[in-house]
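**Student:** got a sequence here, can you model it:
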Amino acid sequence: MDKNAQLALIYICKFFLIFLIVYISLLLPNEMLWDRDNYLIYAENSESIVASYDTVKDLIFNDYLFLKINSFLALFFSADYVVYLLVTFNILSFYYLLSKFSLNLTSFIFSVIISILLVPILHLEVIALRQGLATTLIMFAMVFLNDKVKITCVFLISSLVHSALFLFTFLFVLDNFFFSKFDKKKRILLNSIVILGISFSYLVVAEMLGLRQVELYTSYDAPIGGGTFLICLVVFVYLYNYYGEASNNYLYYFTIQGFILFLLFYFIANASISARLLETVLPFFLLLFVRKLRINEIIIGGGIVIAYSYVWYNGGVYVLFEVPDIQVKQFFISLL
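**Tutor:** Okay, the predicted model is just below:
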């Protein structure tokens, strides 16, 4: 088989995998999925929600841009289709970037398997649509913009889509405008000190800014336990000590920051909030992961596959659904 035929086959395989993921995601009825009813409300009543805010601060820290996007899409589509468009955009964007970054077809397929098993990524793609959209915008910025000022602008835009991204914006600015002059060890130590301070004071800051998401996140029932903490700790050690040279330093250090944020928040702040923050971090980790396929990646990836296969086996994936487990099983059986 000549080189052109091989490339065509690779593109066909990637397209088929991505299409299959999008197709299955769109088959899921809105009424079965957790929190989906709120997104239907956003699609139908965005302008009313915007009008209910009294101050500029309320608008800035309560997802103003996401509401306006919903208002625009609602001019052309029903509420159901607005939601489906957001799901499709988030999934297509993530797997397109994963494909673009992949070392080869094997690393891409390996990373796709990991992404499907990682319940936090599934939650980001089909449930947490605001956070998914904001994360997607930042991923595009990291991949295509090689300028910290431009990337910061996209961070600020993303924060208007989902206000939790203001925290990531602050950390990105701090790291790239103030800490980047230090060597790797000091840079990560300084980030850790700052994040440690944030983990002790996040409730005070959230109340001052009017971040209503913090209260919602504390009730988030995610499959986040000691096993997830251990996996993230191992991944952090792998990235710090064994990943090697990164082709994209913005992406690398942001991912390192994200894992530090999760690890410290898990113990000091709130495990539920750390679970939601982790959802934004994991796609960036996979963009780094898919760039290499050595024994290190095989061990790390294999460990994640085994661990999250166990999560699936024990019903951890049902956190995505609002209906009883048996109804979810019956739905998928009906598709066969």
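
**Student:** separation between the residue nearest to M32 when sequence neighbours are not counted and N30?
**Tutor:** Nearest non-adjacent residue to M32, counting by CB to CB, 6 or more residues apart in numbering: V323, 5.1 Å away. Heads up, the C-betas are built off the backbone N, CA and C, glycines and all. For V323, the distance to N30 equals 11 Å [CB to CB, to the nearest Å].

**Student:** how about I18?
**Tutor:** I18 is 22 Å from N30, by CB to CB.

**Student:** the two: which is more packed in?
**Tutor:** Comparing I18 with N30 by other CB atoms under 10 Å, the one with more neighbours is I18, at 19 against 14.

**Student:** quick one: that one and S99 touch, right?
**Tutor:** Yes. I18 is in contact with S99 according to CB atoms under 8 Å; the separation is 7.3 Å.

**Student:** number of nearby residues for F110?
**Tutor:** F110: 22 neighbours (other CB under 10 Å).

**Student:** check which helix or strand covers the closest residue to Y238 other than its chain neighbours.
**Tutor:** Counting by CB to CB, 6+ apart, Y238 lies nearest to I300, which is 5.3 Å off, once chain neighbours are set aside. Element membership of I300, judged by DSSP states H and E, is helix 295-313.

**Student:** counting by contacts, list what that helix packs against.
**Tutor:** Contact analysis of helix 295-313 by 3 or more CB pairs under 8 Å, 6 or more residues apart in numbering; DSSP states H and E lists helix 105-117, helix 119-126, helix 226-237, helix 271-289 as its packing neighbours.

**Student:** apply 6 Å and report the result again.
**Tutor:** helix 105-117 (3 or more CB pairs under 6 Å, 6 or more residues apart in numbering; DSSP states H and E).

**Student:** the helix it packs on vs helix 271-289, what angle?
**Tutor:** Our comparison of helix 105-117 with helix 271-289, counting by axes from the mean of the first three to the mean of the last three CA atoms, to 10 degrees, yields an angle of 170 degrees.

**Student:** ok now helix 105-117, how far from the chain's centre?
**Tutor:** Helix 105-117 has its C-alpha centroid displaced from the chain centroid by 16 Å (CA atoms, centre = their mean, to the nearest Å).

**Student:** what are the boundaries of the helices in the stretch 51-200 of the chain?
**Tutor:** Taking DSSP state H, counting those that start in this stretch, the helices of the stretch 51-200 of the chain run over residues 56-60, 64-74, 79-101, 105-117, 119-126, 129-144, 148-161, 165-174, 184-209.

**Student:** coming back round to it: tally of neighbours for the residue nearest to Y238?
**Tutor:** Neighbourhood size, I300 [other CB under 10 Å]: 22.

**Student:** one more: Q6?
**Tutor:** 11.

**Student:** any low-confidence regions in the chain?
**Tutor:** The chain contains residues with pLDDT under 70 at 1, 203-225.

**Student:** switch the cut-off to 90
**Tutor:** For the chain, the stretches with pLDDT under 90 are 1-10, 28-31, 34-38, 51-62, 146, 163-164, 199-228, 244-247, 266-276, 313-336.

**Student:** the residue most central in space within it and Q257, how far apart?
**Tutor:** By CA atoms, centre = their mean, the mean C-alpha position of the chain lies nearest to T280, the distance being 3.0 Å. For T280, the distance to Q257 equals 11 Å [CB to CB].

**Student:** cool, F19 as well?
**Tutor:** Distance from F19 to Q257, by CB to CB: 33 Å.

**Student:** just I231 next, same as before
**Tutor:** To Q257, I231 is 18 Å away according to CB to CB.

**Student:** higher neighbour count, these two?
**Tutor:** It is Q257, of I231 and Q257, that has more neighbours when counted by other CB under 10 Å, with 24 against 16.

**Student:** contacts for the strand or helix carrying that one, please.
**Tutor:** Assigned by DSSP H and E, Q257 falls within helix 249-264. For helix 249-264, contacts defined as CB atoms under 6 Å, 6 or more residues apart in numbering pick out 142, 171, 175, 191-192, 195-196, 199, 232, 236, 239, 246, 274, 277-278, 281, 284-285, 288.

**Student:** derive a PyMOL selection command for the buried subset of those residues.
**Tutor:** This is how PyMOL selects the buried members of the contacts of helix 249-264, with burial counted by 16 or more other CB atoms under 10 Å:
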select buried, resi 142+171+175+191+192+195+199+232+236+239+246+274+277+278+281+284+285+288
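
**Student:** quick one: neighbours of V234, just the number.
**Tutor:** The number of residues packed near V234 is 15, by other CB under 10 Å.

**Student:** from F321, how far off is it?
**Tutor:** Separation of V234 from F321 (CB to CB) stands at 29 Å.

**Student:** again with A43
**Tutor:** Distance from A43 to F321, by CB to CB: 20 Å.

**Student:** who has more neighbours out of the two?
**Tutor:** Set A43 next to F321 and count neighbours by other CB under 10 Å: A43 wins out with 23 against 17.

**Student:** before we move on, which element is that one in?
**Tutor:** Going by DSSP H and E, A43 is in helix 36-52.
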